[in-house]
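>>> what follows is a predicted protein model with its sequence.
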Amino acid sequence: MPNLLAMSFEGELTPSFDLRCLRPGAKVPDGWGVGSYPPGEPSAALLKEPAPQAVSQRSELIKAWDHLESSTFVVHIRTATWGSLSDANTQPFARIWGGREWLFGHSGSLASRPEVTKGSIFEPVGSTDSEVIFCELMNRIAQQKWNTLGDADPRVLHGWLNTVNELGTLNVVLTDGRDLCVYADRAKGGLFAWELLPPYDKVAFADDDLEVDLTRRGVKSRKGVVVTTRALEATQGKPAEWKPLPAGQLLLIRQGSVRADVTPEDGEGDRSVPALRPRGRSARPVRAEPQKLSVVHRTVYTYQNPVERSTHLLRLTPYHDRLQTLLEHEVDVNVPHEAREYDDVFGNRLRRFEITSPFTQMVIEARSVVQVHDTDPLGQKPLRARSQIPLVWMPWQRHMLNPYLLPSESPESELTELTEYAMSFVKRNDYNLLDTLLDLNASIFTEYRYVQGSTTLATSPYEVYCNRQGVCQDFTNLFICLMRLLGVPARYVCGYIYTGPKGKQHKQSEASHAWVQVYLPEVGWTGFDPTNGILTQTDHVRVSVGRVYGDATPTSGTIFVGGGPETLKVDVQVEVVD
């Protein structure tokens, strides 16, 4: 029987809880309780039952409760050690502080029941040791003037719990509905964690006493962390991948992302057990040195039948502006043609040419030398400036940025789910724009698989989100779509990336590369590369930008006569030059 179970997800889910321990013939527990937070609510929804009877009405209610929607859940099944079988002694316990309702669950027992100092803000109403621990924690939190768990210092919380742990067994969870604090007993451990990553269609796990079905009322591929005192077996969908938490480990989890991880400094516990490590927001970039890069972009078109007449567009000229200097550039085409150059509406340098003589193979080779000066992408931002979501634009700004604010044409149901996904990053970063961008950039890098050939030009952002795989173009399209749904201007960038002498540091080293530029207030267009989880600096060479891939594609064309089946081969070499 899992005495304690807690879940935190990056968006709301509507799971089903089946208390098998209340079925006829099963060993009935001393009580049970389920706590959650309705979307947008600071107060908790609690359903508890002390001394339950087999097939109780409350257990049937929690199983069939279609409105049990939340991103944070706490479940406790009681085996009484302290106190009578009453509502006052049935977990999860709840208290109000900082304008929010906090929930607490404890698995274990202390050797003796400590006392709370009389006159404290929080005092127990029941007689269990667990409620005393809860009140003591809340009193200390109030003394520190922490209104939320997000305000708390994880190391201080860890120290408090370590002190209480001296009195007995302590596996606890504490939540304010936004953050979830988890602590494993420092002597024995006793908690298991499963970091659940999409995609998945069905997910359910159970033992003889409890079944949790995350997808019974609809599949939403949400990332999450599930913590329990007993590793439950998967009954549907992907296998459960439980990891025992090291003894004495404390985790702070928000919206399915581990934000802090504290382990005992004295080395207590089994350190051979792998710990869940913080994920999500990447570090802000450090200043880089300017770099001169040589780029050779070779494209070969081969046709089964001669092409007699065709028109082509090339976007192969790197930008020349304050962030990069174009020192040398030339384009060679092996087929006789007539060409002219001009700037398109996005500021890209275009070369348009027509071919009227037959050919079966066309080789286009562009050679460039570029000095890149984008050494500190966030260095222009004043330290006092702080941008919050939603952004507010002046009417003329919105008019100019409107092409970069419209999301892709997709069904409303898909955009609604993508909006919920985007908002999960906003909420867990306290609506801060830059932190949200860094979190999203790093999350796509760590949680989405780079798989060549898994997508096409027609793959939608929603499909990438559901399948959690793709290539740089797909990750860029998803990032852009999420930004625009949040009212943040974003545009598609095509160019090149230097990956080092052997090309092993980053993906996409021998072809053109794609990334995102987001318009930040008081900063301007700033590059984010979700394929590699970094901001663009002196390893990236910008060539073209646009609303979507079609506005920035390196080469395109139309064949009017001839051609037949086509073979395309692209090779890109980027090297550092003195």
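It's in.
>>> residue furthest from the geometric center of this protein?
Among the residues of the chain, the one whose C-alpha is farthest from the average of all C-alpha positions is S357, by CA atoms, centre = their mean at 52.1 Å.
>>> phi first, then psi, for that residue.
In terms of degrees, to the nearest 10, the main-chain angles of S357 are phi -110, psi 140.
>>> now do the contacts for it.
Neighbour list for S357: V335, P336 [criterion: CB atoms under 8 Å, 6 or more residues apart in numbering]. Just so you know, the C-beta spots here come from the backbone N, C-alpha and C atoms, and that holds for glycine as well.
>>> equivalent analysis for V307, please.
Contacts of V307 were listed using CB under 8 Å, 6+ apart, and they are I355, P358, F359, T360, M362, I559, V561, G562, G563.
>>> low-scoring stretches of this protein, by residue?
Flagging of the chain using pLDDT under 70 yields the residue ranges 1, 66-67, 219, 265-283, 380-386, 502-510.
>>> for M362, see how far away H329 is.
H329 sits 20 Å away from M362, going by CB to CB, to the nearest Å.
>>> what about the closest residue to K63 other than its chain neighbours, how many neighbours?
Distances taken as CB to CB, 6 or more residues apart in numbering place D18 nearest to K63, at 5.2 Å, with adjacent residues excluded. D18 has 20 neighbouring residues, counting by other CB atoms under 10 Å.
>>> who's more crowded, H329 and M362?
M362 (20 against 16).
>>> quick check: closest non-adjacent residue to the more buried one.
Using CB to CB, 6+ apart and skipping residues adjacent in sequence, the residue nearest M362 is Y301, 4.6 Å away.
>>> that neighbour contacts T567, correct?
Yes - in this structure, Y301 is within contact of T567 by CB atoms under 8 Å, at 7.5 Å.
>>> so which of the two has more stuff around it?
When neighbours are counted by other CB under 10 Å, Y301 comes out ahead of the other of Y301 and T567, with 23 against 10.
>>> how about that one, secondary structure?
Under DSSP: H, G, I helix; E, B strand; the rest coil, Y301 falls in the strand class.
>>> contacting residues for it?
For Y301, the residues meeting the contact criterion (CB under 8 Å, 6+ apart) are Q361, M362, V363, I364, E566, T567, L568.
>>> just E289 next, same as before
T375, T538.
>>> what distance do you get for it to V164?
Between E289 and V164 the computed distance is 50 Å (CB to CB).
>>> repeat that for T235.
Between T235 and V164 the distance, using CB to CB, works out to 35 Å.
>>> compare the two and say which one has the larger neighbour count.
Neighbour comparison, T235 and V164: the larger count goes to V164, with 19 against 15 (by other CB under 10 Å).
>>> element containing that one, please.
V164 is located in helix 154-165, with elements delineated by DSSP states H and E.
>>> kindly report the same for F134.
Using DSSP H and E, F134 sits in helix 129-143.
>>> what is that helix packed up against?
strand 93-97, strand 100-107, helix 154-165, strand 171-175 (3 or more CB pairs under 8 Å, 6 or more residues apart in numbering; DSSP states H and E).
>>> off-centre distance for it?
Its chain's average C-alpha position is 32 Å from that of helix 129-143, according to CA atoms, centre = their mean, to the nearest Å.
>>> next one: stretch 290-306
The offset between the C-alpha centroid of stretch 290-306 and the centroid of the whole chain comes to 35 Å, using CA atoms, centre = their mean.
>>> for the stretch 201-350 of the chain, which segments count as helices?
Using DSSP state H, counting those that start in this stretch, the helices of the stretch 201-350 of the chain do not appear at all; there are none.
>>> how about the residue lying closest to A234 once chain neighbours are set aside, phi and psi?
Setting aside the residues directly before and after it, A234 is nearest to A240 in space (CB to CB, 6+ apart), at 4.3 Å. Comment: the main-chain dihedrals of A240 come out as phi -70, psi 130, following degrees, to the nearest 10.
>>> secondary structure element for D474?
D474 is located in helix 472-485, with elements delineated by DSSP H and E.
>>> longest helix anywhere in this protein?
Ranked by residue count, the top helix of the chain under DSSP state H comes out as helix 412-428.
>>> which SSE is immediately downstream of that helix?
Downstream of helix 412-428, the first helix or strand assigned by DSSP H and E is helix 433-447.
>>> got the buried residues for that next one?
Applying a neighbour-count criterion of 16 or more other CB atoms under 10 Å, the buried positions in helix 433-447 are 433-445.
>>> count of residues packed around the residue lying closest to T375 once chain neighbours are set aside?
Excluding its sequence neighbours, the residue lying closest to T375 (CB to CB, 6+ apart) is A288, at 4.8 Å. By the criterion of other CB under 10 Å, A288 has 16 neighbours.
>>> swap in G557?
16.
>>> same check on T72?
By other CB under 10 Å, the residues close to T72 number 26.
>>> contacts only, for it.
Going by CB under 8 Å, 6+ apart, T72 touches A6, M7, S8, F9, S36, Y37, T175, G177, R178, L180.
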